[in-house]
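Colleague: with the sequence up front, the predicted model follows.
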Amino acid sequence: MKYPPDSTPANSAAAIFFFFFSAVSMACSGLLFNSFVDNKCFRPCHLKPAVPYPRSLSTSRFYLTSSLRISMSMEENGAPTQGFEVSRKKLPHVLTVAGSDSGAGAGIQADLKACAARGVYCSTVITAVTAQNTAGVQGVNIVPDEFVAQQLRSVLSDMEVDVVKTGMLPSIEIVKVLQRSLKEFPVRAVVVDPVMVSTSGDVLADPSILSSFREELLMMADILTPNLKEASNLLGGMRLETVADMRHAAKLLHSLGPRSVLVKGGDLPESFDAVDVFFDGEEYHELRSPRVKTRNTHGTGCTLASCIAAELAKGSSMLSAVKVTPLWLCMCFYSYALAKRYVETALEYSKDIILGNGAQGPFDHFLRLKHNSGTGVTFSGNDLFLYAVTDSGMNEKWGRPMEVAVKEAIEGGATIIQLREKNAETRKFIETAKACLKICRPYKVPLLINDRIDVALASDADGVHLGQSDTPAQVARALLGPEKAIGVSCKTVEQAHQAWVDGADYIGCGGVYPTSTKANNTTVGLDGLKTVCLASKLPVVAIGGINASNAIPVLGIGAPNLKGVAVVSAVFDRSSVATETRNLHSMLTEAVSKAN
Ligand SMILES: Cc1ncc(COP(=O)(O)OP(=O)(O)O)c(N)n1
Ligand SMILES: Cc1nc(C(=O)O)sc1CCOP(=O)(O)O
Ligand SMILES: [Mg+2]
C-alpha cells in the first residue's frame, strides 16, 4: 500500500463523493448514538454546522456500513475495486504517541479506551511513564528518544496507520523524532493535543518545549486541540477569558501552521455552558453544551483528541485526496462534533462514579454504568431521590392491587420502585413484577426486586435490593450481569465498603428512625447514617421510619452522596398513595432547592 495514494482526478472525484457518504455516515452514527443514549442525560449541543445534518435518514445504518465497505475496498490499491465486496479487511487505525497514566484515566490508557469505544484499532508509542492517580502526578520517567523512534518505526513501517494522535511529548528530541518519523512514513492526518500541564496542575512537558511545539509540532497538525491554558502558553501567556478571546487565539494559533484549530473552553470562567471554538482558517464554529457537573473529568482532553482521530480514521480513505479543501475541513469538524458528543455522554454516564480519593476521577469510556439492554431504563444515583418500597400487607389493608399502588406512587413522583413482597408465591411474584414493569417502563422509573434474584431475572426487572443476610452482592452481580442495578442494605462502614467491592450500585442505610414495618430493625439514627454516607463510595438512600414530618433533617445531614429517602408506610399505609407521594416529593424538592 502506498501512502498517500495517487491523486488522480478520478479518485479525487470519487473521494469527494465518498466524503459525502462518510459525512452522512458520521452524522448518522451520531444520531444512532443519540437514540441509543435516548434518556434523561441526552443534551443537544447547539451546533452551527457548515454542512446541514441529514436528520431525516432512516436508513442510516445502511449508509454507515456501505460507506465503510466502499472505503475499505478503496484501500486495496488507492482506487475503487469492483462492486461492494471487501477482499481484504482493514480496521481504521489510530496510532497514539503519548504518555502512560498509571491511574488509566488519561494518556495512552484513555486513548486506547476511546478508540476501542469508537470501534477503531489503536496502537501506542509511549513517550513517558507517569506515576499518577486521582490526586495528581507523583512522578514522570521520560522514555529515551531513540526508543521512541524505535517504537514509531515498528508500528509505522508495518501496520498501515491512518491517523496519528499526539499527547504528552515531553522533550524537544521526542518532537524531532516524531517529525522525522512522519516524514519517512506519512499518515493521512495528524491530531495534536498539545499536552503541557495535567489538569491537576502538574507539568508534563518542560517549558523549553514551547518553541519546539511552535516551530515543529504545530506545522504537522491537521487539527490542534489546546485547552485554554495550553492555548495561552502557546501564545506567550495571552489572557483567555471570553469566547472572543478564544476566537482570537484560534486565529493566531492557526497562523502558526495547523490546518484547523479547536480551542476548548471547558475552563472558561463564569460560563454555564462549555463552549469550544473551531477555526478552519476561514470560518469559526462554536459548539456549546451545558457543563456536566462531575469530578470525573480526568482524561477528557486525551479522549476528545483520540475520538477525533478515530472518526477521521473511519473516513480515512478519502483524507489524502481531499486534504486542505473545505470538504476535508468539514470532515475535521464533524469528527470533532461526534467526539464532543461522545465525551459529554461518557461524562454524564460516569458522573456518580467514585474511584480514588483525589480531586479528579476517571470516567467510563464504555458507558456501561447506565447501559440498559434496550429496556430504556438505566439506573443512576439520582433515581434514589424518592424511593417507594411496596408492602403487600399494607396494600391489601387498603384494598389496592399492587399495580395500582405502583402507578399511584409513580404519578405522585416516586423516582424508583422496589417490590418487597415477603410472602408472595414465586410464580405470582413474577407475574406481579412483569405487570408492574409495564407500568414503570413508560415513565423510565427503575423497578427493583427485594431479595429475589430469580424473580428479577425471570421478570427482567431493573435490579435487586439485598440485605446482609440475602444473596451476596458479588454473586448477584455475577448472575445479573453489569447492566442491572444492585442495592445493598448497610448499617456500618465495613458493610458499605464491601458493597462497593462487590459491585453494588447504591446502598440503603437505616433504620434512620424506629420503624414498625421491619421487625427487630436496629436504628442507626442520623449520626449513624452520616457516618456510613461519609465512608461510602456509592450513592446512599436513607430508610426506616421516614415520613413527611421527619424527612427534611435526613436530607440535611450534610453528605453529598446521600441521594434521597426510601419509604414504605409513609406512602403505602395511607388512603391515597398518589397524594402522600406527591406531598413528600414536593417537600423534598423544596428542601433541596432551598439548600442549593
Ligand atoms: C432501599 C432499601 N434499603 C434497605 C432495605 C432493607 O433490606 P434488607 O436488609 O434485606 O431487609 P428486607 O427489606 O429484605 O426486609 C430495603 N429493602 N430497601
Ligand atoms: C425495609 C426496611 N429496611 C430498613 C433498614 O433499616 O434497612 S427499615 C425498613 C422498613 C422501612 O419502612 P418504613 O418506611 O415504613 O419505616
Ligand atoms: Mg432482604
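Modeller: Now that the structure is in, tell me what you want to look at. Residues are numbered from 1 along each chain as shown. Ligands and ions are numbered 1, 2, ... in the order given.
Colleague: please enumerate the strands of the stretch 51-200 of the chain.
Modeller: 93-101, 121-133, 136-142, 163-166, 189-192 (DSSP state E, counting those that start in this stretch).
Colleague: what do you get for the stretch 251-400 of the chain?
Modeller: Under the criterion DSSP E, counting those that start in this stretch, the stretch 251-400 of the chain contains strands at 261-264, 273-279, 284-290, 386-389.
Colleague: now render those strands as CSV, adding distance to residue 420 and mean pLDDT.
Modeller: The way it works is simple: take the backbone N, C-alpha and C, and place the C-beta from them, glycine included. Formatted as CSV, the strands of the stretch 251-400 of the chain follow (distance: least, CB to CB, whole Å; pLDDT from 0 to 100):
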stretch, distance to residue 420, mean pLDDT
strand 261-264, 47, 96
strand 273-279, 42, 89
strand 284-290, 37, 85
strand 386-389, 5, 98
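Colleague: which of those strands sits closest to residue 399?
Modeller: strand 386-389 (18.4 Å; CB to CB).
Colleague: quick one: strands adjacent to that closest one?
Modeller: In the sheet, strand 386-389 lines up against strand 416-419 (parallel), strand 562-567 (parallel) (DSSP bridges).
Colleague: winner for burial among those strands?
Modeller: Mean neighbour count (mean count of other CB atoms under 10 Å) peaks for strand 416-419 among the strands paired with strand 386-389, with a mean of 28.
Colleague: any residue of the helix or strand following that strand touching ligand 1?
Modeller: In the C-terminal direction, the helix or strand that comes right after strand 416-419 (DSSP states H and E) is helix 426-440. No - judged by CB under 6 Å from any ligand atom, helix 426-440 makes no contact with ligand 1; its nearest approach is 13.5 Å.
Colleague: buried set for helix 426-440?
Modeller: Neighbour counts over helix 426-440 (16 or more other CB atoms under 10 Å) mark 429, 430, 432, 433, 436, 437, 439, 440 as buried.
Colleague: so the first one makes contact with residue 455?
Modeller: Yes - under the criterion of CB atoms under 8 Å, residue 429 lies in contact with residue 455, with a separation of 5.0 Å.
Colleague: so who does the residue nearest the centre of the chain touch?
Modeller: In the chain, the residue lying closest to the centroid (CA atoms, centre = their mean) is residue 346, at 0.7 Å. Each residue near residue 346 by CB atoms under 8 Å, 6 or more residues apart in numbering is listed here: 117, 303, 363, 364, 365, 367.
Colleague: redo those residues as a markdown table? Include distance to residue 447, pLDDT and neighbour count.
Modeller: Listed next are the contacts of residue 346 as a markdown table, based on distance: CB to CB, whole Å; pLDDT from 0 to 100; neighbours: other CB atoms under 10 Å:
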| residue | distance to residue 447 | pLDDT | neighbour count |
| --- | --- | --- | --- |
| 117 | 29 | 91 | 18 |
| 303 | 33 | 97 | 29 |
| 363 | 27 | 92 | 27 |
| 364 | 24 | 91 | 18 |
| 365 | 28 | 93 | 25 |
| 367 | 22 | 78 | 20 |
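Colleague: the residues you listed: which two are farthest apart?
Modeller: It's 303 and 367 that sit farthest apart of the contacts of residue 346, by CB to CB, at 12.4 Å.
Colleague: what count of nearby residues applies to the closest residue to residue 266 other than its chain neighbours?
Modeller: Leaving out its chain neighbours, the residue that sits closest to residue 266 by CB to CB, 6 or more residues apart in numbering is residue 274, at 5.2 Å. Counted with other CB atoms under 10 Å, the neighbours of residue 274 add up to 22.
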